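Undergrad: Structure for the following, please:
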Amino acid sequence: MTEEEPEIEKNLKKYLSNTINSSVNKKIFKNEAKIDELMEKTDNIIKLLNNLNKRMENIELFINNNRVSIQTNLFENNNDYFIENNDTPKPLQKTESNSNIELLKKMNDLNNNEIENNNTEEDKTNEKKRVSKPKKQKETITNSQDIIITKYNEVKVKHFDIDEKIVKKYLNMNSTNGDIQLFKKMYIENVAKEYIPIRHIKKKFQYWISDHMQDDDTNGEYIVSTVLKNIELCYMKVNNMDNYGDDIDQFLKNQEHINRLHDIKYKEKIMILIISNVDI
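TA: Predicted coordinates:
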């Protein structure tokens, strides 16, 4: 009997060990399955948050670009080559609302306020000009199909009084074709040929400024930048929630196109189209 006891004890320990390990393994397996499930849910939540964050960043980019564009000083000196903007856009204050429409409405209100402020500054500038010297040419040009314009329209950054329906039509095209049509509306349509303010003669640009034709020593860069800035101002005036509240997708596409106006390659395409319309 004394020789069998160690064998019984050994088998008993082995049995107990297997039973315990089996029970523990089952619990571990169940816990691992739960952990995997939780990890999968966590990954999905992280992906969702990343997507939402990207959409927020895009909206912030649109807002900041709009603020920078609208805050640009519209009445720089005629001899300035670049249009500078020293205003620093205020940081976007995030709200707890997850509604894109609410964000866009706030952006629209912000843009309208900035435009009103710029218009006030424009009025003050025009008043000073009237005091200092006689006004020889209108600052805002209204194109009418019944009138042939027989005076020069200065090539500088300013507002154009063009029907909003026409501007929306060209903006919704989101292309160089729409932009060049608006360019024609600004500087060529209903203008007598000899009074078209932009010329391309023997591979050189000229533009009307300060009562004379000025050679563009920047190889057309000043002309293209000024034209695109004026196109941008027209587009920004109509691309708001009043016009696109029921079509947010078109509003965002329009904003992307407006931002694209400043790309170097896009400017090169517009320059080619301008040359084809003013080459002599």
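Undergrad: ok, residue 234 - how many residues close by?
TA: 22 (other C-beta atoms under 10 Å). (Glycine included, C-beta is placed from N, CA and C.)
Undergrad: Residue 167 too?
TA: Residue 167: 22 neighbours (other C-beta under 10 Å).
Undergrad: Repeat that for the one 10 residues further on.
TA: With neighbours defined by other C-beta under 10 Å, the count for residue 177 comes to 10.
Undergrad: Let me know the secondary structure of it.
TA: helix (DSSP: H, G, I helix; E, B strand; the rest coil).
Undergrad: Ok, residue 214 next?
TA: Assignment for residue 214 (three-state DSSP): strand.
Undergrad: Tell me if I'm right that it and residue 207 touch.
TA: Yes. Contact status for residue 214 versus residue 207: in contact at 5.8 Å, counting by C-beta atoms under 8 Å.
Undergrad: Which one's more surrounded, those two?
TA: Between residue 214 and residue 207, residue 207 has the larger neighbour count (other C-beta under 10 Å), namely 22 against 16.
Undergrad: Need the per-residue pLDDT for the closest residue to residue 266 other than its chain neighbours.
TA: In space, residue 266 comes closest to residue 260 once its chain neighbours are excluded; the distance is 5.5 Å by C-beta to C-beta, 6 or more residues apart in numbering. pLDDT, residue 260: 95.
Undergrad: Give me the neighbour count for residue 260.
TA: For residue 260, the neighbour count with other C-beta under 10 Å is 13.
Undergrad: Let's see the pLDDT reported for the nearest residue to residue 149 once chain neighbours are set aside.
TA: Leaving aside its sequence neighbours, residue 149 sits nearest to residue 191 (C-beta to C-beta, 6+ apart; 4.6 Å). Note on residue 191: pLDDT of 94.
Undergrad: How are the helices of the protein distributed by residue range?
TA: Using DSSP state H, the helices assigned to the chain run over residues 5-70, 100-132, 164-172, 176-187, 221-238, 241-244, 248-260, 264-278.
Undergrad: What residues sit buried inside stretch 205-216?
TA: For stretch 205-216, burial by neighbour count (16 or more other C-beta atoms under 10 Å) applies to 205, 206, 207, 208, 209, 214, 216.
Undergrad: Other residues contacting that stretch?
TA: By C-beta atoms under 8 Å, 6 or more residues apart in numbering, the surrounding residues in contact with stretch 205-216 are 78, 136, 152-156, 197-200, 204, 219-220, 222-223.
Undergrad: ok, now with 7 Å
TA: 78, 136, 152, 154-156, 197-199, 204, 220, 222-223 (C-beta atoms under 7 Å, 6 or more residues apart in numbering).
Undergrad: Mark which of these are part of strands, please.
TA: 198, 199, 204 (DSSP state E).
Undergrad: Most neighbours among the residues you listed, please name it.
TA: residue 198 (25 neighbours).
Undergrad: That one is in contact with residue 155, isn't it?
TA: Yes. The criterion here is C-beta atoms under 7 Å, and residue 198 meets it with residue 155 at 6.1 Å.
Undergrad: what is in contact with these two at once?
TA: 207, 223.
Undergrad: what residues are up against the residue nearest to residue 201 when sequence neighbours are not counted?
TA: Nearest residue to residue 201, sequence neighbours excluded (C-beta to C-beta, 6+ apart): residue 280, at 5.0 Å. Residues near residue 280 by C-beta under 7 Å, 6+ apart: 199, 200, 201.
Undergrad: Alright, calling it a day.
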